[in-house]
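*Asks:* Next comes the sequence, and after it the predicted model I'd like to discuss.
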Amino acid sequence: MSSELPVVPESYDPRTVQLCSFHSAVKGFADGRDTPRAYLERCLEVIEIREPQIKAFVTMDVAAARAAADQSTERYNAGEPLTRIDGMPFAVKDLFKTADFPTELNSPLLEGERHRFDSAHIYALRKGGAVILGKTTLPELGSGQPADTRNPFDLDRSPGGSSSGSAALVGAGMLPIAIGSQGRGSVLRPASFCGNVALKPTFGAVHSGGMLWRSPSYSTIGIHGSNIIDCWRTAWHIAQTVGGDPGHPGLFGEADISAVKPNRLIRLDTLGWAITEKGIKKQFEEFLAELEEKGVEILSRVDDPAIETFEKALETIPEFQPDLAAWEIKWPALLVRDLGRDQIEDRMVERFEAGEEMSLDAYRETLSALYRLRAAFLDLEGKAEGFITLSTPTMPPLGNATGDSVYGDPSSCLDAPAWNIPLLELSGLPLGVQLLGNKHQDYSLGQIGRWMTETFLQ
């Protein structure tokens with residue numbers, strides 16, 4: 001990379017922005033024109049230029065990463081790479097246990113907290129030859145005071161949350177892959193703000209072992225990537241190595257992801273449409289019209305009573321989701337509160353104590369509401385190849401506010417896979433389109449996303 005690379009691009013354009021693709025470099029590793037070590041050094045050069053302003057990393061171990069990249073280089077030179085991701089540098093949200101780094105969750109109470117073992121996905125990526133560089137920022141305990149991380153396309157704006165550092169470093173072209181997590185909209189929203197591809201997989205499809213501070217009913221690992229191919233190969237490799245969560249069948253699909261044009265998609269308004277900024281609505285409506293011009297049928301709530309019924313069911317999410325989250329985070333939230341109440345943001349403690357005051361019967365009511373919503377979703381299965389909506393109702397906020405999760409809540413509550421595809425822009429900033437599907441449609445949705453990328457951006 002040239003040291004003349006601008007610290008902040010003058011404007012975002014999804015057709016011309018060049019992020020840090022890994023898969024396109026692998027052929028050079030194989031024929032000797034390039035090496036994983038040289039690739040890592042190019043990433044480090046970009047990090048040196050951009051990280052001081054973006055502040056996406058909590059910690060890095062450059063020496064260890066270089067050593068791992070050298071080992072990968074030796075394997076390629078011998079014609080024996082371990083996998084298709086051998087040599088791929090990546091970073092991990094500081095919500096996951098890592099053997100080599102502390103796991104502090106941006107909380108003074110957890111300063112210096114260390115674990116002996118890697119999270120399941122980190123173990124899988126290391127086994128495949130991938131190179132861990134460091135850990136990325138997040139708000140306090142995942143949902144409190146935001147980190148100081150900035151948007152890679154406007155330093156006055158937020159990168160979103162809670163996977164703020166992971167999204168920002170990929171959007172800044174520092175690395176090809178960074179791992180995040182989603183409880184509500186914390187993968188999809190920052191990906192939209194920062195202009196990167198992201199996969200929020202089917203619940204349980206990618207092993208989440210080692211994730212801290214989660215709601216067991218819906219929290220998942222998430223993959224931020226510079227492109228669909230790298231994103232998919234990462235998720236696929238993790239699932240092939242360690243599977244999904246115990247009791248789940250894991251991620252379905254092939255190792256390589258092709259482009260497939262959909263015949264029909266269902267447009268979802270969700271509760272987000274009513275609060276979506278006018279400019280975003282205009283961009284999205286125009287994109288849907290372009291899809292129809294390409295021969296993709298778009299159905300909506302006005303076309304089918306079953307879709308309208310489901311849209312109404314989505315309106316129930318605010319009635320149960322806050323209580324569901326409050327109950328399920330009681331452990332370890334109340335332990336942390338008891339350890340140091342004065343070191344936790346008041347707003348978070350109030351949420352913790354709302355869960356403490358709930359009864360088991362009240363929690364059961366939230367689960368019943370969640371199951372009713374999922375049943376309504378199943379009624380639409382087979383009507384289209386997927387659903388299309390937005391990933392965020394606003395452009396990246398000025399300051400550090402992380403944004404509204406309203407467009408992320410459906411996929412989280414429904415056990416559903418969702419992709420953010422960075423197809424649009426507004427006022428020189430990224431704007432993502434969300435593809436959502438029924439359970440285990442992760443792969444087919446990615447195929448649609450690749451078709452959209454190749455059709456509209458190339």
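*Replies:* Arrived safely. Everything quoted here is computed from the prediction, not taken from an experiment.
*Asks:* what does stretch 66-79 contact?
*Replies:* Here stretch 66-79 makes contact (Cβ atoms under 8 Å, 6 or more residues apart in numbering) with 29-30, 32, 35-37, 39-40, 81-82, 86-87, 89, 129, 131-132. C-betas here are computed from N, CA, C, even on glycine.
*Asks:* 10 Å instead?
*Replies:* 26, 28-32, 34-41, 43-44, 61, 80-82, 85-89, 126, 129-133 (Cβ atoms under 10 Å, 6 or more residues apart in numbering).
*Asks:* likewise stretch 332-340?
*Replies:* 105, 107-110, 141, 212-213, 326, 330, 343-344, 348-349, 351-353, 355-356.
*Asks:* how does it look with 6 Å?
*Replies:* With contacts defined as Cβ atoms under 6 Å, 6 or more residues apart in numbering, stretch 332-340 is touched by L109, V349, F352, E356.
*Asks:* just these now: which is nearest E311?
*Replies:* For the contacts of stretch 332-340, the residue nearest E311 by Cβ to Cβ is F352; the value is 32.4 Å.
*Asks:* now the strands: where do they sit in the protein?
*Replies:* 57-60, 89-93, 131-136, 177-182, 197-200, 220-225, 264-267, 297-299, 387-390, 418-426, 429-436 (DSSP state E).
*Asks:* now stretch 285-294, how far from the centre of its chain.
*Replies:* 26 Å (Cα atoms, centre = their mean, to the nearest Å).
*Asks:* my bad, should have said stretch 340-347
*Replies:* The answer for stretch 340-347 is 27 Å, by Cα atoms, centre = their mean.
*Asks:* what about that stretch, average pLDDT?
*Replies:* For stretch 340-347, the mean pLDDT works out to 90.
*Asks:* Now do the buried residues in it.
*Replies:* Residues of stretch 340-347 classed as buried under the neighbour-count rule (16 or more other Cβ atoms under 10 Å) are I344.
*Asks:* ends of it, how far apart?
*Replies:* With Cα to Cα, to the nearest Å applied, stretch 340-347 spans 15 Å between its terminal residues.
*Asks:* cool, stretch 332-349 as well?
*Replies:* Start-to-end span of stretch 332-349 (Cα to Cα) is 12 Å.
*Asks:* Can I get the strands of the chain in JSON lines including mean neighbour count?
*Replies:* Output for the strands of the chain, formatted as JSON lines (neighbours: other Cβ atoms under 10 Å):
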{"stretch": "strand 57-60", "mean neighbour count": "20"}
{"stretch": "strand 89-93", "mean neighbour count": "29"}
{"stretch": "strand 131-136", "mean neighbour count": "27"}
{"stretch": "strand 177-182", "mean neighbour count": "29"}
{"stretch": "strand 197-200", "mean neighbour count": "30"}
{"stretch": "strand 220-225", "mean neighbour count": "30"}
{"stretch": "strand 264-267", "mean neighbour count": "20"}
{"stretch": "strand 297-299", "mean neighbour count": "15"}
{"stretch": "strand 387-390", "mean neighbour count": "26"}
{"stretch": "strand 418-426", "mean neighbour count": "25"}
{"stretch": "strand 429-436", "mean neighbour count": "26"}
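*Asks:* can you tell me which residues contact T202?
*Replies:* Contacts of T202 (Cβ under 6 Å, 6+ apart): P417, K439, H440, D442.
*Asks:* so of these, which ones are in helices?
*Replies:* Judged by DSSP state H, helices contain the following of the contacts of T202: D442.
*Asks:* how about the helices of the stretch 1-150 of the chain, start to end?
*Replies:* Shown for the stretch 1-150 of the chain, the helices assigned by DSSP state H, counting those that start in this stretch span residues 23-31, 36-54, 62-77, 120-127.
*Asks:* Of the contacts of stretch 332-340, which is the most crowded?
*Replies:* Counting neighbours by other Cβ atoms under 10 Å, the top entry in these is F352, with 21 neighbours.
*Asks:* Tell me if I'm right that K330 and A354 touch.
*Replies:* No: using Cβ atoms under 6 Å, K330 is not in contact with A354; the gap is 9.8 Å.
*Asks:* how many neighbours does W331 have?
*Replies:* 9.
*Asks:* try E293
*Replies:* Count around E293 with other Cβ under 10 Å applied: 8.
*Asks:* What of G79?
*Replies:* 7.
*Asks:* A30 versus that one, what's the distance?
*Replies:* 8 Å (Cβ to Cβ, to the nearest Å).
*Asks:* for L291, same thing?
*Replies:* Computed as Cβ to Cβ, the L291 to A30 distance reads 37 Å.
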